[in-house]
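Peer 1: Build me a model from this:
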Amino acid sequence: MDESNVLNIGIIGTDTSHSVAFAELLNDRNHAWHLPGGRIVAAYKGGSPDFELSISRVEGFAARLQNEFGVRILTEPEQVAESCDAILLLAADGRAHRSLFGRIAPFGKPVFIDKPLATNTEDAKAIAALAERYGVPVMTASALRFAEALREKLDDERDGEITGADCCGPIIIEPTQGGYFWYGIHAAEMLFAALGPGCDRVTAFSAGDQEMIVGVWKDGRIGTVRGSSASYHPFSAVIHRERNSAFAELSAGAKPFYASLLERVFGLFQTGVPAVPMTHSVEVIRFLEAANESRASGSAVAL
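Peer 2: Coordinates of the predicted model:
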C-alpha cells in the first residue's frame, strides 16, 4: 500500500480496551480482520480519577499502544489533533467527552466519539453545536449497532416493514456514568438501529436486578430494552415485522463487533459522512436520559 495514502489516526483516551482493539485492527497487518488504509500513530492518555474503571487502566493500555504498536504518547489532546488526519475520542468517561471534544474541534479533523456521546442531553447538543461551528465531521455509535447478526435481520425485508423491536443485554449501572448511560447505551443503540429516530415517550422501571425500558414511537411502534444490572447476559434482539418476527443472537456473527464499527468509522474519516447522523445520536442520549427520569419518578417521560 502507498504509505502516502494511509490516514494517520490519533486516540484521545487510553483508559479503555477499545484503544487497543482499534490499534490491533489498524496497525497489525496480520490480524484476521485487519482494516488497511489507516494507522494509530499518537495518543493522549486522559483518565478520570473518580472513575475506577478509567483511572486504573489508563497507564496499562497506553503502555501497550506504545510498546506493541509504536504509538507516540503525547501530553495534550491538541497535540494529537494537530499531528493526525483523524481522531478516535475513546475516553471511557462520557462526562469528559464535551470538554475533550471542545479542545480538538477547532482543528477541523473528523472525529469518532465512542459511546456514550455524553451522559446528558445538554452536553450532547453542545457537542453537536461545536461540530457544526467548526465544520467537524463527527459520528458516535455503539459497536453493537453494526453487529453482523443484527444487520442481517434488519436488512432482510421479506416479511415487511419493521413494526417493533425488543433488545436485550447487560445493563450494568456505573455510579459515575448516570444510570443507564454506561451499559444501557448498547441495547438502546440496537433499538434505534431497528426503529430509527422518532421516539415520543419512555417508561422505565426496575425489579431487583432486572431493568426494562419501553419506548413508544410517534408512529405507534413500540420498542423495548431490557436486561440485568447484575450479570452480563449476551446481547440479542427480536425484530418484529408485519408478517413475522426474527431473533438475532449478536454473538453469532463471525466478525468482531469492533471490526464492523471500524469500517463505518473509516468511512467517516474518508468521506466526512457519518453512518449515523448526529441528530439521531442526540436522540439516543435523550432516550436514555428520559429513561433515567422515568425510572426515578415512576411515570412516562416525553422526549
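Peer 1: Could you break this protein into its assigned domains?
Peer 2: Residue ranges for the domains of the chain, per automatic domain parsing: 3-140+256-275, 144-255+286-302.
Peer 1: With mean pLDDT and mean neighbour count as extra columns, can I get the ones you listed in TSV?
Peer 2: Where C-beta positions appear, they are placed from N, C-alpha and C, glycine not excepted. Rendered in TSV, the data for these read as follows (pLDDT from 0 to 100; neighbours: other CB atoms under 10 Å):
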stretch	mean pLDDT	mean neighbour count
domain 3-140+256-275	97	19
domain 144-255+286-302	96	19
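Peer 1: Test my guess that residue 45 contacts residue 14.
Peer 2: Yes: taking CB atoms under 8 Å as the definition, residue 45 is a contact partner of residue 14 at 4.9 Å.
Peer 1: Which residues are in contact with each of the two?
Peer 2: Residues touching both residue 45 and residue 14 (CB atoms under 8 Å, 6 or more residues apart in numbering) are 58, 62, 73.
Peer 1: Filter those residues down to the ones in strands?
Peer 2: residue 73 (DSSP state E).
Peer 1: I'd like the shared contacts of residue 45 and residue 14 as JSON lines, with distance to residue 32 appended.
Peer 2: Listed next are the shared contacts of residue 45 and residue 14 as JSON lines, based on distance: CB to CB, whole Å:
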{"residue": "58", "distance to residue 32": "28"}
{"residue": "62", "distance to residue 32": "25"}
{"residue": "73", "distance to residue 32": "27"}
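Peer 1: and which of the shared contacts of residue 45 and residue 14 is nearest residue 234?
Peer 2: Checking the shared contacts of residue 45 and residue 14 against residue 234 by CB to CB gives residue 58 as the nearest, at 28.3 Å.
Peer 1: Residue 24 reaches residue 32, doesn't it?
Peer 2: No: counting by CB under 8 Å, residue 24 does not reach residue 32; the two are 10.0 Å apart.
Peer 1: can you map out the helices along the protein?
Peer 2: Shown for the chain, the helices assigned by DSSP state H span residues 17-27, 52-55, 58-69, 77-83, 97-104, 121-134, 148-155, 184-195, 257-271, 278-297.
Peer 1: Which stretch among these approaches residue 230 most closely?
Peer 2: helix 184-195 (14.0 Å).
Peer 1: isn't residue 83 right up against residue 41?
Peer 2: Yes: using CB under 8 Å, residue 83 is in contact with residue 41, at 7.4 Å.
Peer 1: if I look at these two, which residues touch both of them?
Peer 2: Common contacts of residue 83 and residue 41 (CB under 8 Å, 6+ apart): 8, 10.
Peer 1: Report the contact partners of residue 136.
Peer 2: By CB under 8 Å, 6+ apart, the contact list for residue 136 reads 105, 108, 109, 110, 111, 130.
Peer 1: List the contacts of residue 230.
Peer 2: Going by CB under 8 Å, 6+ apart, residue 230 touches residue 209.
Peer 1: if we can go back for a sec, which ones among the contacts of residue 136 lie within strands?
Peer 2: Counting by DSSP E, these contribute residue 111 to strands.
Peer 1: Closest to residue 182 out of the contacts of residue 136?
Peer 2: residue 111 (21.5 Å).
Peer 1: The closest one: what's it in contact with?
Peer 2: Residues in contact with residue 111 (CB under 8 Å, 6+ apart) are 86, 87, 88, 89, 101, 104, 105, 131, 136, 137, 138, 139.
Peer 1: How about residue 263?
Peer 2: With contacts defined as CB under 8 Å, 6+ apart, residue 263 is in contact with 35, 146.
Peer 1: try 10 Å this time
Peer 2: Neighbour list for residue 263: 25, 33, 35, 146, 255, 275 [criterion: CB atoms under 10 Å, 6 or more residues apart in numbering].
Peer 1: Residue 208 contacts residue 231, correct?
Peer 2: No: at 11.6 Å, residue 208 does not count as touching residue 231 under the criterion of CB atoms under 10 Å.
Peer 1: Look up how far residue 139 lies from the closest residue to residue 28 other than its chain neighbours.
Peer 2: Excluding the flanking residues, the one nearest residue 28 by CB to CB, 6 or more residues apart in numbering is residue 34, at 6.2 Å. As judged by CB to CB, to the nearest Å, residue 34 and residue 139 stand 21 Å apart.
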